[in-house]
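Chemist: the sequence and its predicted three-dimensional model are supplied below.
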Amino acid sequence: MTTYRERLTAPISWWMAALAFAAVWGWVVLVVTTWPIAITAFLIVAAADVYAVWRYGSLLVSVGPDRLQVGRASIDLAHVGAVEPLHHEAYRHRLGIGADARAYLATRPYLGRGVLVPIDDTSDPAPYWLVSSRRPDALAAALGHTGSAPQPSAHETTREAPRGEEEEAV
């Protein structure tokens, strides 16, 4: 039984950029060859681009009764410490100068918030996981955190794309 599930997907702009890149390659090939070769080049580059955006941009985050699953990685909830939801400023700090090189990062550049999941396991070299999320408060609550993240200040802006997301909370 899953208590939280969120699928992170790349924003529409990434998909459009991938197709535009393929169109440019198709045009370049057309300039030096024929239409059939240019169309073939476009289709090959478009397929590669779409696959790359899908593969890198997609991440499934789920919390079950006893496990946190982030992509292919998972950890028993018994080894999860005091979870902290992070909004833009605190999240960027943990990605930058406040980062630990040993941390496990499951982040996506199109999201500016996430959850800090401390690891209480002496055999695990990672001191914490930093996980991107569109709903860090809900993810932290599913992991047992009862408070809420500090709200972003009024002058902070987030550049997150709300389209293309598939989420489900149970």
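Modeler: Perfect, thanks for sending it. Numbers count the residues shown, from 1 in each chain.
Chemist: helices and strands around the longest helix that the chain contains, which ones?
Modeler: With residue count as the measure and DSSP state H as the assignment, the chain has helix 35-57 as its longest helix. Identification of packing neighbours for helix 35-57 by 3 or more Cβ pairs under 8 Å, 6 or more residues apart in numbering; DSSP states H and E yields helix 12-32. C-betas here are computed from N, CA, C, even on glycine.
Chemist: can you pull the contacts of the closest residue to residue 52 other than its chain neighbours?
Modeler: Closest residue in space to residue 52, ignoring its immediate chain neighbours: residue 18 at 7.2 Å, by Cβ to Cβ, 6 or more residues apart in numbering. Under the criterion of Cβ atoms under 8 Å, 6 or more residues apart in numbering, the neighbours of residue 18 are 46, 49-50, 52-53.
Chemist: all helices for the protein, in order.
Modeler: All helices of the chain, identified by DSSP H, fall at 12-32, 35-57, 88-95, 136-142.
Chemist: quick one: contacts for the closest residue to residue 126 other than its chain neighbours?
Modeler: On the basis of Cβ to Cβ, 6+ apart, the spatially nearest residue to residue 126 that is not a chain neighbour turns out to be residue 104, at 4.3 Å. Contacts for residue 104 (Cβ under 8 Å, 6+ apart) come out as 73, 126, 128-130.
Chemist: rewinding a little: what's the most buried one of the helices of the chain?
Modeler: When neighbours are counted by mean count of other Cβ atoms under 10 Å, the highest per-stretch mean among these falls to helix 136-142, a mean of 22.
Chemist: just checking, residue 68 touches residue 78?
Modeler: No. Counting by Cβ atoms under 8 Å, residue 78 is not a contact partner of residue 68; they are 10.7 Å apart.
Chemist: of these two, which one has the most company?
Modeler: More crowded of residue 68 and residue 78, by other Cβ atoms under 10 Å: residue 68, with 24 against 9.
Chemist: who's that one bridged to?
Modeler: residue 63, residue 75 (DSSP bridges).
Chemist: and it, what does it touch?
Modeler: Applying Cβ under 8 Å, 6+ apart, the residues contacting residue 68 are 62, 74-75, 77, 80, 117, 129, 143.
Chemist: how close does the spatially most central residue of the chain get to residue 51?
Modeler: To find the centre residue of the chain, average its C-alpha atoms and take the closest one (Cα atoms, centre = their mean): that gives residue 108, at 3.4 Å. Taking Cβ to Cβ, to the nearest Å as the criterion, residue 108 is separated from residue 51 by 17 Å.
Chemist: same check, this time on residue 130
Modeler: Shown here: residue 130 relative to residue 51, a distance of 26 Å by Cβ to Cβ.
Chemist: I appreciate the help and will end here.
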